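J.: the following comprises the amino acid sequence and a computationally predicted model.
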Amino acid sequence: MAKGKARPTEDIDVAIIGAGVSGLGAAYYFSRAFPTKRIAVLEGRDDIGGTWDLFKYPGIRSDSDLHTYGWDFKPWRHREAIAECHLIREYMHEAVDDFGLESMLKLNHKVKTADWSSRDARWTLSVDTPDGPKEIRARWVFGGTGYYNYDKGYTPDFAGRDDFTGEIIHPQHWPEDYDYSGKRVVVIGSGATAITMIPAMAYSEKPPSHITMLQRTPTYIVSSPRVDKNALRLTKLLGAERGYWATREKNMWRDFLTVKFMERFPKAARSLVRSMNAKDLPAGYDIDKHFSPPYAPWDQRMCQAPDGDFFASIRDGHTEVVTESIKRFTRDGILLANDEELKADVIVTATGLNIQMLGGISHTVDGQPVDIGNTVTYRGMMVSELPNWAMSFGYTKSASWTMKVRMTADFVIEMIKYIEAHDYDAVVPQPEPGMKTVPFLDLKSGYANRGKHLMPQQGTELPWRVLTHVPHDRKLMRTDIVDSNLRFSKAAPPSRRDDLAVAAVDPSPSVSAAAN
């Protein structure tokens, strides 16, 4: 762009950031609720899909059943409930075609900054596009950006890394069609990524000669059926749409009750998981060393092994599990704290993600920077200090991520209707000064601890507390969406742009968002 030339500007009503499962879901709900509003989905990548377009490592699949991870408006019709990446991508592309969402998509539109003007009651988004920078002005912004950095995964600073003569790969940057056949592979990590990719490599047409999963501490891992036979029965009995709805409800309550049981009775839960592992592993296997974490169940996410494929790879001799700390990388592999050396041709650092909230966008309000780490989340859907900005942040424990998208969209839809009906232009949550806060995520995993300063805080009481179970959120969504924690305002008229008329909340209307 020539120096001094003004950036192109576009005005819209709702900007949805991210064309993954959250953003596309929101696009469907908003377009149905507001058919005449200008809605745009801004996606920084060159295709939709989010996570499912980013990761390419072997065997990538969902970590949740697709009957709850899928959207409520589009039944999941494949036999497999735990689905591979390509099926999920097909499902998302079908939704775009089936519901006419393509007209809202703006691919290769990466939002860099967002500035709120109180006098205009508008967000100005600075966006990088293939045609150069542009500005998009929006009345509302909906963030469907997830919570990790798409550009860079997390890798610890391993001593001696430069000494290793083989290849080091992070799963977030897996080369397509990478040939690992006949190689000695060490996978560092024991989370969902490692549990997924190890059996995929072990049972591929050209497998590695040996796979070692190297973990510092064990993870809870349980077998789960790849095909939900009850879902097939319900679909046969009730039809595709009703069977899908019944399966969603069944699985939601199953997951809710399972997690509640494990949280309330951690010793019994630990014993149950151990007995399940004993059935899946070879006789005499050292379960206490390799599969008994030092933390309680659901202090961190629990991994699923569809049809026990990960355990099968151990039984069949394809996979070895080593539980030990790393001293350093060597020329030929990894030296452990016990001075044993693991030989490797390829080291896979399945060591986690870097947290990044709201897409890493830099926010300012009336020219003043906003530190997201110093904000407080409201109902887990809005953020203090950011007017007319909502975010979809799903569940990390007892339900699929997507179960929160509908509730968040319904909340925003009802809030927009309320604002327009009462002649307001903006709303922002405002906590009481000195309100007690705690970290946003109630997990003790490494990525949650590393990134807690980058996330909003949450309060200890509603509506500032983040609910982690679908039934609790549904109950909250049946309450009035307007309360004394919200501040409503009007844009200044053109003749008085230096003044902002701030109105008090009118608590008389009873407005609640539809439950999911």
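T.: Ah, there it is. Numbers count the residues shown, from 1 in each chain.
J.: any weak-confidence spans in this protein?
T.: Applying pLDDT under 70 to the chain picks out residues 1-6, 398, 443-444, 447-448, 451, 494-516.
J.: max-length helix in it?
T.: helix 240-264 (DSSP state H).
J.: three-state assignment of residue 212?
T.: strand (DSSP: H, G, I helix; E, B strand; the rest coil).
J.: I'd say it and residue 188 touch.
T.: No: assessed by Cβ atoms under 8 Å, residue 212 is found out of contact with residue 188, at 9.3 Å. Heads up, the C-betas are built off the backbone N, CA and C, glycines and all.
J.: how does the chain divide into domains?
T.: 9-149+356-503, 161-227+266-349 (automatic domain parsing).
J.: which of the ones you listed sits most buried?
T.: domain 9-149+356-503 (a mean of 19; mean count of other Cβ atoms under 10 Å).
J.: look up how far residue 376 lies from residue 445.
T.: From residue 445 over to residue 376 the distance is 22 Å, taken as Cβ to Cβ, to the nearest Å.
J.: ok, now which ones touch the residue minimising distance to the centre of the chain?
T.: Centroid-nearest residue in the chain: residue 146, 4.3 Å away (criterion: Cα atoms, centre = their mean). Neighbouring residues of residue 146 by Cβ atoms under 8 Å, 6 or more residues apart in numbering: 18, 20, 22, 50-51.
J.: just the closest of those residues to residue 237, please.
T.: For the contacts of residue 146, the closest approach to residue 237 (Cβ to Cβ) belongs to residue 22, at 31.4 Å.
J.: phi, psi of the closest one?
T.: phi -70, psi -50 (degrees, to the nearest 10).
J.: next one: phi and psi at the nearest residue to it once chain neighbours are set aside?
T.: Spatial nearest neighbour of residue 22, chain neighbours left out: residue 144 (3.4 Å); criterion: Cβ to Cβ, 6 or more residues apart in numbering. Dihedral pair for residue 144: phi -110, psi 50, per degrees, to the nearest 10.
J.: residue 144 touches residue 14, doesn't it?
T.: No: counting by Cβ under 8 Å, residue 144 sits too far from residue 14 to count as a contact (11.7 Å).
J.: mind exporting the C-alpha coordinates of stretch 407-418 to PDB?
T.: Provided in PDB are the C-alpha atoms of stretch 407-418 (Å, rounded to 0.1, in the frame of the first residue of the first chain):
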ATOM      1  CA  MET A 407     -25.500 -21.300  24.800                       C
ATOM      2  CA  THR A 408     -23.000 -18.500  24.100                       C
ATOM      3  CA  ALA A 409     -24.600 -17.600  20.800                       C
ATOM      4  CA  ASP A 410     -28.100 -17.600  22.400                       C
ATOM      5  CA  PHE A 411     -26.800 -15.300  25.100                       C
ATOM      6  CA  VAL A 412     -25.300 -12.800  22.600                       C
ATOM      7  CA  ILE A 413     -28.500 -12.900  20.400                       C
ATOM      8  CA  GLU A 414     -30.700 -12.100  23.400                       C
ATOM      9  CA  MET A 415     -28.300  -9.300  24.500                       C
ATOM     10  CA  ILE A 416     -28.300  -7.700  21.100                       C
ATOM     11  CA  LYS A 417     -32.100  -7.800  21.000                       C
ATOM     12  CA  TYR A 418     -32.200  -6.300  24.500                       C
END
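J.: re earlier: residues contacting the residue nearest to residue 22?
T.: For residue 144, the contact set (Cβ under 8 Å, 6+ apart) comprises 16-26, 50, 391-392, 405.
J.: closest to residue 114 out of these?
T.: residue 17 (8.9 Å).
J.: surely the closest one and residue 142 touch.
T.: Yes: Residue 17 lies in contact with residue 142 (Cβ under 8 Å); the separation is 7.1 Å.
J.: overlap in contacts of the two?
T.: residue 23.
J.: residue contacts, residue 41?
T.: Applying Cβ under 8 Å, 6+ apart, we find residue 41 in contact with 16-19, 23-24, 27, 101, 104-106.
J.: pick out the most distant pair among those residues.
T.: Top of the distance list for those (Cβ to Cβ): 17 and 101, 15.0 Å.
J.: which stretches of the stretch 401-516 of the chain form strands?
T.: In the stretch 401-516 of the chain, the segments counted as strands under DSSP state E, counting those that start in this stretch are 426-429, 437-439, 457-459, 486-489, 502-503.
J.: of all the ones you listed, which lies closest to residue 217?
T.: strand 437-439 (20.6 Å).
J.: which strands or helices does the closest one pack on?
T.: Judged by 3 or more Cβ pairs under 8 Å, 6 or more residues apart in numbering; DSSP states H and E, strand 437-439 is in contact with strand 457-459.
J.: which residues of the chain fall in helices?
T.: Assigned helices in the chain, in chain order: 21-33, 51-54, 66-69, 85-98, 192-202, 229-238, 240-264, 266-280, 287-290, 309-315, 403-421, 446-451, 470-477 (criterion: DSSP H).
J.: got the angle between the fifth one and helix 85-98?
T.: Relative orientation of helix 192-202 versus helix 85-98 (axes from the mean of the first three to the mean of the last three Cα atoms, to 10 degrees): 110 degrees.
J.: got a list of what the closest residue in space to residue 148 that isn't next to it in sequence touches?
T.: Leaving aside its sequence neighbours, residue 148 sits nearest to residue 353 (Cβ to Cβ, 6+ apart; 3.9 Å). By Cβ under 8 Å, 6+ apart, residue 353 lies in contact with 148-149, 153-154, 172, 447.
J.: ok, residue 353 to residue 278 distance?
T.: Look at residue 353 and residue 278: by Cβ to Cβ, they are 31 Å apart.
J.: now distance to residue 72 too, for the contacts of residue 41, in CSV please.
T.: Rendered in CSV, the data for the contacts of residue 41 read as follows (distance: Cβ to Cβ, whole Å):
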residue, distance to residue 72
16, 18
17, 22
18, 19
19, 19
23, 16
24, 13
27, 14
101, 16
104, 19
105, 21
106, 25
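J.: just the ones of these in strands?
T.: Counting by DSSP state E, the part of these found in strands is 16-17, 105-106.
J.: quick one: which of these is nearest residue 192?
T.: Among the ones in strands among the contacts of residue 41, residue 17 lies closest to residue 192 (Cβ to Cβ), at 25.1 Å.
J.: the closest one pairs with what?
T.: Residue 17 forms beta bridges with residue 42, residue 143, as assigned by DSSP bridges.
J.: for it, give me its contacts.
T.: Contacts of residue 17 by Cβ under 8 Å, 6+ apart are 23, 41-42, 111, 141-145, 358-359, 361.
J.: ok, residue 178 to residue 359 distance?
T.: Residue 178 sits at a distance of 28 Å from residue 359 (criterion: Cβ to Cβ).
J.: now do the end-to-end distance for stretch 454-462.
T.: Start-to-end span of stretch 454-462 (Cα to Cα, to the nearest Å) is 22 Å.
J.: chain center to that stretch: distance?
T.: Mean-position distance between stretch 454-462 and its chain equals 18 Å (Cα atoms, centre = their mean, to the nearest Å).
J.: am I right that residue 387 is in contact with residue 365?
T.: Yes: contact criterion Cβ under 8 Å: residue 387 and residue 365 qualify, at 7.3 Å.
J.: spit out the residues that contact those two alike.
T.: Common neighbours of residue 387 and residue 365 (Cβ under 8 Å, 6+ apart) are 116, 118.
J.: return the residues in contact with residue 329.
T.: Residue 329 makes contact with 158-161, 163-164, 335, 347, according to Cβ under 8 Å, 6+ apart.
J.: of the residues you listed, closest to residue 182?
T.: Within the contacts of residue 329, the smallest distance to residue 182 is 16.1 Å, found for residue 347 (Cβ to Cβ).
J.: quick check: that closest one vs residue 217, distance?
T.: When distance is defined by Cβ to Cβ, residue 347 is 19 Å away from residue 217.
J.: skipping its backbone neighbours, what lies nearest residue 21 in space?
T.: Nearest one to residue 21, counting by Cβ to Cβ, 6+ apart, is residue 402 at 5.4 Å.
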